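**Q** My questions are about this predicted structure, shown below with the sequence.
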Amino acid sequence: MTYFGFLLRFLVVPILIFLAVTYRDHKKNKQITGFRNGGAVWVAIGIHILLAVIYTTPWDNYLVATGVWYYNPDLVTRVLIGYVPIEEYTFFILETILSGLWWWFLVRQLSLTPTSPSAILRDCRCFPGIARQGRCARRSQSPGERGGFTPNKLLVYLSTCILIFLWLFFTYLFFFGETHWTYLSITLFWAFPPIFVQLLFGADILWTYRKLVVPAILFPATYLSLIDMIALKGTTWAISHLQTTGVLFFGILPLEEVLFFFLTNALITFGITLLLANVSQERFAEMKIQVRGWITSCRLQSKGAVMTSPPTRDLQHDDADC
C-alpha cells in the first residue's frame, strides 16, 4: 500500500465522515457549553496544524536521517523536504484535523458543566496602580459561584514538576543512554516541553474537563496505533529494531509508536481545550491584567525614583560657577 493510499483510506475518509456529521449538527444548531464554537474551532485546528508542521519537522527529519525509521522507496513519491517525504508532512496535517474534529464531535455530545463568565478571581491587591484605575472590582468567589470550576495551583505546579523531572531523565537517556533508548527518549525529549506550557497554564482546567480530555486522546491514539500496524505489515514504513526498546504490541507495533500517537493527541487535545474553554479566556484576561499591573507598578516606581533623585547635573554646574 502506498503512503498516499494509506492516508486516503484511513485518515481522509474518517475526516470526511466527521465533516459531514459536523455539517449536520451545524444545521441543527447544536450548541456546546463551556467552550467557544463555530469558527473559533476551525481557527484552533488551523493553529495546531501550523504548530504541528513547524515543531515536528526537525524532529522527524532527525529520526529519518539517523535511521530510527525509514520508508519503502517504492511506496512513496520520493518528493522530499529535507529527509522526509511529502506524505509524512501530509500526515501531520491530517492527524491534526482528524483529532480536532473528533474533539469537536465529543464536546457536542457530552454534557459538560458550563463555566460562568466570572469564573476566575481577578485579585488586584498586589497592583495598586490598577486598583486605583478601577479595573478590578471582582471579589473572591466560592467554587459554586465559579460555575463548577475551582482553580488549583497545587495541581498545576505538581503536574508540571513531575513532567519536568521525567523530561530531564529521558533527556539524559537521549544524550548518554544506550542505542535502544533512542526512539523512546527523543520522543519524550521532543514532546514534553510544549506540554509543560499547557500544564503550567491550565492543568486544573484540563482536569475539570477530564471527561472530554481522556476520550479525546484515547480513541484517536488507539485508532492511529492500530492502523500503524497495517502500514508496518505492508512495509509502507519500518522502525529500526536497534534504536527501540524491543517492546512490541501484537508482535509488530513498537511501544514508541503507541507513545508517539498518545503524545501527539495529548498535545492537540490539551491545546484545543485550553484555547477554546471559556474559563481559559478569563485566565488569559487575568494574566493580561497582571502584566499590565506589573508594567504600571514599574512605571510608578520609575517616576518615583526620578522625582526623588538629586539634581546632580545642576549641583555640578553650581559648583563649577563657584
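**A** Here it is on my side, so go on. All values derive from a computational prediction rather than experimental measurement. Numbering: from 1, shown residues only.
**Q** Sticking with the spatially closest residue to residue 183 that is not a sequence neighbour, tell me its helix or strand.
**A** Closest residue to residue 183 apart from its sequence neighbours, by CB to CB, 6 or more residues apart in numbering: residue 256 at 4.3 Å. Where C-beta positions appear, they are placed from N, C-alpha and C, glycine not excepted. Residue 256 belongs to helix 255-276 when assigned by DSSP states H and E.
**Q** Which strands or helices does that helix pack on?
**A** Here helix 255-276 touches helix 39-65, helix 86-109, helix 182-208, helix 210-233, strand 248-249, going by 3 or more CB pairs under 8 Å, 6 or more residues apart in numbering; DSSP states H and E.
**Q** Can I get the ones you listed in CSV including distance to residue 164, mean neighbour count and mean pLDDT?
**A** What follows is the helices and strands packed on helix 255-276, written out as CSV (distance: least, CB to CB, whole Å; neighbours: other CB atoms under 10 Å; pLDDT from 0 to 100):
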stretch, distance to residue 164, mean neighbour count, mean pLDDT
helix 39-65, 19, 16, 96
helix 86-109, 25, 21, 96
helix 182-208, 7, 20, 96
helix 210-233, 21, 17, 97
strand 248-249, 29, 14, 96
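**Q** Nearest approach to residue 2 belongs to which of the ones you listed?
**A** helix 86-109 (8.2 Å; CB to CB).
**Q** Using PDB, list the CA coordinates for that closest one.
**A** Output of helix 86-109 as PDB, limited to C-alpha atoms (Å, rounded to 0.1, in the frame of the first residue of the first chain):
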ATOM      1  CA  ILE A  86       5.800  14.900   1.400                       C
ATOM      2  CA  GLU A  87       3.400  12.200   2.600                       C
ATOM      3  CA  GLU A  88       4.700  12.500   6.100                       C
ATOM      4  CA  TYR A  89       4.000  16.200   6.200                       C
ATOM      5  CA  THR A  90       0.500  15.400   4.900                       C
ATOM      6  CA  PHE A  91       0.100  13.000   7.800                       C
ATOM      7  CA  PHE A  92       0.900  15.800  10.300                       C
ATOM      8  CA  ILE A  93      -1.900  17.900   8.900                       C
ATOM      9  CA  LEU A  94      -4.500  15.100   8.500                       C
ATOM     10  CA  GLU A  95      -3.900  13.700  12.000                       C
ATOM     11  CA  THR A  96      -4.400  17.200  13.500                       C
ATOM     12  CA  ILE A  97      -7.600  17.700  11.500                       C
ATOM     13  CA  LEU A  98      -8.900  14.300  12.500                       C
ATOM     14  CA  SER A  99      -8.100  14.700  16.200                       C
ATOM     15  CA  GLY A 100      -9.600  18.200  16.100                       C
ATOM     16  CA  LEU A 101     -12.800  17.100  14.500                       C
ATOM     17  CA  TRP A 102     -13.100  14.200  17.000                       C
ATOM     18  CA  TRP A 103     -12.700  16.700  19.900                       C
ATOM     19  CA  TRP A 104     -15.400  18.900  18.400                       C
ATOM     20  CA  PHE A 105     -17.700  15.900  18.000                       C
ATOM     21  CA  LEU A 106     -17.200  14.800  21.600                       C
ATOM     22  CA  VAL A 107     -17.700  18.300  23.000                       C
ATOM     23  CA  ARG A 108     -21.100  18.400  21.200                       C
ATOM     24  CA  GLN A 109     -22.100  15.000  22.600                       C
END
